[in-house]
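> Structure of the sequence below:
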Amino acid sequence: QVQLVESGGGLVQAGGSLRLSCAASGNIFCIITMGWYRQAPGKQRELVTSITWGGNPNYADSVKGRFTISRDNAKNTVDLEMNSLSPEDTGVYYCNADLVTADFGGRSVYWGQGTQVTVSS
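Numbering: from 1, shown residues only. Next up, the predicted model:
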C-alpha cells in the first residue's frame, strides 16, 4: 500500500503565498516523478508542476516564475512554494507520484486526497 498525504492548503489573498507539502509512504522502492496537479471548479485537472528523481522541474506556463517545486528523495516528500497567487490559482491541489513499489517492482501512479487552495481577490 502506498499513501500520499498533502498539507498546507488554505485561504490567502491575491498576491500572497502558500506552501504545500506532500509525503509519500508505504511500500515504495523509488519515486520516479513527483508532481502537483490542480482542478478548478468546472475545469479538468491540469498539471501544475513536476520534478524528476534527479531534481529536474517542469512547470505549466501559467505558474512559471511564481511557483517552485522541490523534493527530498530520502524522505519521499515534495513541496510546492506558491508566490504571487491570483484568484486563477484557486482549486484543489493534488499530489502525484509515479513510483515503483518494493514488492514486485511494479510501476504505478498514485494520488493524494487533495488540498483546497482558495485565493481571494
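> Name the helix or strand for Gln44, please.
Per DSSP states H and E, Gln44 falls between elements, in no helix or strand.
> swap in the one 4 residues further on?
In this structure, Val48 is located in strand 46-52 according to DSSP H and E.
> List the pairing partners of that strand within its sheet, with orientation.
strand 28-39 (antiparallel), strand 57-59 (antiparallel) (DSSP bridges).
> Pick out the residue nearest the middle of the chain.
For the chain, the residue nearest the mean C-alpha position is Trp36 (2.6 Å; C-alpha atoms, centre = their mean).
> For Asn96, see how far away that residue is.
Distance, Trp36 to Asn96, by C-beta to C-beta, to the nearest Å: 7 Å. (C-beta placed from N, C-alpha, C; glycine too.)
> Between these two, which contacts overlap?
With contacts defined as C-beta atoms under 8 Å, 6 or more residues apart in numbering, the residues shared by Trp36 and Asn96 are Ser50.
> list the contacts for Gly9?
Leu18, Leu20, Tyr93, Thr115, Gln116, Val117.
> Report the separation between the most far-flung residue of the chain relative to its centre and Ser50.
For the chain, the C-alpha lying farthest from the average C-alpha position belongs to Phe104; by C-alpha atoms, centre = their mean, that distance is 26.0 Å. With distances defined as C-beta to C-beta, the gap from Phe104 to Ser50 amounts to 25 Å.
> where are the low-confidence patches of the chain?
In the prediction, the chain carries residues with pLDDT under 70 at positions 105.
> now the strands: where do they sit in it?
If DSSP state E is used as the criterion, the strands of the chain fall at 2-7, 10-13, 18-26, 28-39, 46-52, 57-59, 67-72, 77-82, 91-101, 107-111, 115-120.
> any idea how far Gly65 lies from Pro87?
Following C-beta to C-beta, the distance that separates Gly65 from Pro87 is 18 Å.
> make that Leu11, sorry
In this view, Leu11 and Pro87 are 12 Å apart by C-beta to C-beta.
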